[in-house]
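[1] Sequence first, then the predicted structure:
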Amino acid sequence: MDDLITWLRATIEGDLAKARAATQGDWAMFGHGDDEYLPTPAYPGENTTRGHGWNISVTDLAGPDVAAELRHADAEHVVAQQPRDTIARCKADLALLDQNAKLHQLADPAKDPRQEYVLAAGASDYALKILAYGYRHRPGWQEGWAP
């Protein structure tokens, strides 16, 4: 379980660092895109993607910054991943990891023989396996960690 927790904490902290480094502000989608539009390749052999024209903007003190032209569904997904929301999720996930560590300190039978802490620590470990499963497509995931 220690390997899972170490990997999960590093993965979440990496996401948190990326979200903090991202442009903060209100991300929005705009444009007159067409999901069926297929642009002409810019160079021979380029694989183009259907549906350009939906733009992502980030409003901050410097003004709007267009980040990309995407298909409508892709643009909606990007906008839904606001850096502030990712930061909040990462902080909540790290708090779960911290709580798990506290439960394991209390679950030491040499310090306190009450079984409820041992049971709570076991339930917390299982909850962390479920949380980690959401990151299973990331580098370093091990199938043995699956809940």
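    Perfect, thanks for sending it.
[2] where do the strands sit along this structure?
    Secondary structure of the chain (DSSP state E): strands located at 26-31, 54-59, 65-70.
[3] Lowest average confidence across the ones you listed, which one?
    Mean pLDDT values for the strands of the chain show the minimum at strand 65-70, a mean of 64.
[4] burial of W141, as a residue count?
    Neighbour count of W141, defined by other Cβ atoms under 10 Å: 17. In short, each C-beta sits where N, CA and C put it, glycine included.
[5] Look up how far T11 lies from it.
    Distance of W141 to T11, computed by Cβ to Cβ, to the nearest Å: 9 Å.
[6] before we move on, what about A28?
    Distance from A28 to T11, by Cβ to Cβ: 28 Å.
[7] ditto for R138
    6 Å.
[8] Comparing those two, which shows the higher neighbour count?
    It is T11, of R138 and T11, that has more neighbours when counted by other Cβ under 10 Å, with 18 against 14.
[9] all helices of this structure, in order?
    Secondary structure of the chain (DSSP state H): helices at 2-21, 72-80, 83-106, 115-133.
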